[in-house]
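S.K.: Pasting a predicted model and its sequence here:
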Amino acid sequence: MTVFSCTEEKPVEPAPKPEDSTAAKPPTGTPGRQFTLVPDKFGRLEVNNANGTYKAGDILNLKGTFTAVIFYNLKGASGKPITIRNAPGTVLKIGDPAWNGGSWSTALSFRNSHYVKVEGTSKTSFIINGSTTAGRIAYFNMALAEQSDNFEIANLTITGGGTGLWAKTDPVKSIPATHYPNSYLENLFIHDLVITGTHNEGMYIGHTATYWNLESNYSYYTLPAGAVLGSVYVQPIKWRNVKIYNNIVKDGGADGIQTAAIDGLEVYNNEITNWGGQHNPSHSGGLLIGGRVNNSNIHDNYVHDGWGELFQFFGSGENNGKHVITRNLFRDNFVHDGVNFRGTDNAIVEFSHNTVARTYGVCLRFNGYLGMKGTQQIFANALIQPRTVGGVTIEPRSYIYLEGDAVVREGTGTNANTKFVTVAAAGVDVNNYYQPLANSPLGSSGYRR
């Protein structure tokens, strides 16, 4: 049985077996050796490295077509990760497009694994093919669980399935290290991936639950009346130092890239398009900076042509955390507002040198209801053709809309935001990333590629 929700998605996999139970036991080698691993007769590979067969610096070449691959207890070291890759000169395929329920619900899974690099020799040489059946909502293409951290994931193609890339750890009562702030998941670098056709999120990075009941394993956004943090209610462990860059995420059913519970997040040079295919308003952000994200730097992303808001911000101002959102192009969405801010703990955002164009609703909406009541710094942005009321009526608050005691400070002079009723009035090239044409009135505002 698979149980999941927007805050409790969890891969269902078989319990660990003794070490190398289904794979041929590799020859003994010194660290830095290369090993080739192949699927068993069912197309599966399980490796429990509890005895340390594979050591820091080793390279594990996967060769063939696998329905599922699970690694337990891989432990590399800083500067000497254990590398998982396709065998040189071959195309590696992992996943079960025919999966329609039951166990083996994750194509590539890591549990309690640390200092690991997962990479293809090229994006077309390491392919994860997820379920394409009606049951794929419960399928995970790649998952990092059970305190797995210090990962680099690069040069993969992920297609189909439910959730493309999933990385979080649920709190466990008997393991205090899974409770924030007792420890962190450290260092996650995700780059140069192509993720297409997922039913759910393209990326689901970090725990979306604000609170967790250790007895019922139920998640909460707010503490129940009378509850206090302690032996029953805790906060899930957070990631620290996450970078997501140079990825293409497209044609998904829910959020494109969703992040949450991260201290120190950088998201840049990603293209996200055609998200929100389920048409579910609760899961329809192109790029989402979620709850308990602190100190983020979001820059040089291109988010366009999707169902739902182009950019959603729920980040935190805990411990005077700051958020910089700059040099992004957000354009053309089919429902809702363009960019929506609903942060907590007096989060402060510097939103500058972005182009926000052809939004279904208002360009920017700031909402102070959840505690984002400080003065937000908004300058040198190009806000172009908000389509409020179907584009019939455009008024000053169609560009920047404030509610719930939200406050902004707009730039002046060369840092002024520019606002245009139409694309033509902005003088930009819609076929070249909305770059200004000759004699455009944008000045120094907006996105530059």
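M.R.: Good, I have the coordinates. Residues are numbered from 1 along each chain as shown.

S.K.: who's in contact with residue 370?
M.R.: By Cβ atoms under 8 Å, 6 or more residues apart in numbering, residue 370 lies in contact with 314, 342-344, 404. All C-beta spots, glycine's among them, are computed from the backbone N, C-alpha and C.

S.K.: With residue 291 instead?
M.R.: Contacts of residue 291 (Cβ under 8 Å, 6+ apart): 208, 210, 221, 260-261, 314-316, 344.

S.K.: Check these against residue 394 and report the nearest one.
M.R.: For those, the residue nearest residue 394 by Cβ to Cβ is residue 314; the value is 27.4 Å.

S.K.: how many other residues sit next to the closest one?
M.R.: Counted with other Cβ atoms under 10 Å, residues neighbouring residue 314 total 22.

S.K.: ok, it touching residue 285?
M.R.: No - with contact defined as Cβ atoms under 8 Å, residue 314 does not reach residue 285; the gap is 9.4 Å.

S.K.: would you list every one of the helices in the chain?
M.R.: In the chain, the helices defined using DSSP state H lie at 423-426.

S.K.: May I ask which helix or strand of it has the lowest mean pLDDT?
M.R.: Ranking every helix and strand in the chain by mean pLDDT, DSSP states H and E puts strand 218-220 at the bottom, with a mean of 94.

S.K.: helices or strands up against that one?
M.R.: strand 211-213 (3 or more Cβ pairs under 8 Å, 6 or more residues apart in numbering; DSSP states H and E).

S.K.: Send me stretch 418-434 as PDB with only the CA atoms.
M.R.: Once non-C-alpha atoms are left out, stretch 418-434 reads as follows in PDB (Å, rounded to 0.1, in the frame of the first residue of the first chain):
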ATOM      1  CA  THR A 418       9.100  50.100 -15.400                       C
ATOM      2  CA  LYS A 419       5.400  49.300 -16.100                       C
ATOM      3  CA  PHE A 420       3.800  48.800 -19.500                       C
ATOM      4  CA  VAL A 421       0.200  48.100 -20.600                       C
ATOM      5  CA  THR A 422       1.400  46.200 -23.600                       C
ATOM      6  CA  VAL A 423       4.400  44.300 -24.900                       C
ATOM      7  CA  ALA A 424       4.600  46.700 -27.800                       C
ATOM      8  CA  ALA A 425       4.800  49.700 -25.400                       C
ATOM      9  CA  ALA A 426       7.800  48.000 -23.600                       C
ATOM     10  CA  GLY A 427       9.700  47.700 -26.900                       C
ATOM     11  CA  VAL A 428      11.000  44.200 -26.300                       C
ATOM     12  CA  ASP A 429      11.800  41.200 -28.500                       C
ATOM     13  CA  VAL A 430       9.400  38.400 -27.600                       C
ATOM     14  CA  ASN A 431      11.400  36.000 -29.700                       C
ATOM     15  CA  ASN A 432      14.600  36.800 -27.800                       C
ATOM     16  CA  TYR A 433      13.900  36.500 -24.100                       C
ATOM     17  CA  TYR A 434      12.100  39.900 -23.900                       C
END
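
S.K.: ok so, going back, farthest-apart pair in the contacts of residue 291, please.
M.R.: Farthest pair in the contacts of residue 291, by Cβ to Cβ: 221 and 315, 14.7 Å.

S.K.: between these two, who's got more neighbours?
M.R.: Neighbours were counted for residue 221 and for residue 315 using other Cβ under 10 Å; residue 315 has more, 32 against 10.

S.K.: Quick check: the gap between that one and residue 324.
M.R.: Counting by Cβ to Cβ, to the nearest Å, the separation of residue 315 from residue 324 is 11 Å.

S.K.: Now list whatever residues contact both of these two.
M.R.: In contact with both residue 315 and residue 324: 296, 349, using Cβ under 8 Å, 6+ apart.

S.K.: Check what contacts stretch 296-305 and list those residues.
M.R.: Residues from elsewhere that reach stretch 296-305, judged by Cβ under 8 Å, 6+ apart: 256, 262, 264-274, 286-287, 289, 310-311, 315, 323-334, 433.
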